[in-house]
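In: Quick one, fold the following:
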Amino acid sequence: MSSAGTITYEGQLLNDKFHGIGSFNFADGRCYVGPWRVGKMIHDGEMTWKDGSKYKGQFHRNMRHGDGTMTWPDQSQYRGQWSEGSQDGIGTWVDAAGKETKSTWKKGEPSDAKGGDKKKADGEQKVVDDAPSLNGLTSNGEVSVRLLREHVDPELLQRLS
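Out: Alright, predicted model coming up:
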């Protein structure tokens, strides 16, 4: 995890966009590790937050989408289906004491009224709008980039040097 205010990326690039496997540390302390496609988080990855919350599962276009598990600092947890960033479909809520409740969820809320102390993911549908590309970031010191050189266009490496 990066220190507050520091943006770092380590991984593969394609046309100045994160593409392939990489890790991105956001200025607010979040960290994503997993695959990227043309600057967007996709497939199986992991996002951690500064408060200790963690999501491990599928992403699609920078949103939690598919199967995944969100764990909060108190160890409460949602395991199940996600759609466009929210709990949506069949899922199991585990409260901080370990009690499990299986529910059907719709847009972040249990739709079958089983009650309990359930939490929405974090109020944001997208985990991030668009991950920045390298354009404009390397010259002003806002981002630190370490590239896996065997996967990077030689011309890009020359421009960054």
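
In: Outline the domain layout of this protein.
Out: 1-39+132-161, 42-130 (automatic domain parsing).

In: So residue 31 sits against residue 47, correct?
Out: Yes - at 7.1 Å, residue 31 counts as touching residue 47 under the criterion of C-beta atoms under 8 Å. Yep, even glycine has a C-beta here, placed from its N, CA and C like the rest.

In: what about those two, which has more around it?
Out: Between residue 31 and residue 47, counting by other C-beta atoms under 10 Å, residue 47 is the more crowded of the two (24 against 17).

In: before we move on, which element is the more buried one in?
Out: Using DSSP states H and E, residue 47 sits in strand 43-48.

In: My understanding was that residue 82 contacts residue 59; is that so?
Out: No - using C-beta under 8 Å, residue 82 is not in contact with residue 59; the gap is 9.1 Å.

In: can you give me the helices in this protein?
Out: Along the chain, the segments classed as helices by DSSP state H run 154-160.

In: what about the closest residue in space to residue 60 that isn't next to it in sequence, how many residues close to it?
Out: Among residues not flanking residue 60 along the chain, residue 42 sits closest, at 6.1 Å (C-beta to C-beta, 6 or more residues apart in numbering). Neighbour count for residue 42, taken as other C-beta under 10 Å: 17.

In: and if you look at residue 51?
Out: Number of residues near residue 51 (other C-beta under 10 Å) recorded here: 11.

In: for residue 8, same thing?
Out: Neighbour tally, residue 8, other C-beta under 10 Å: 16.
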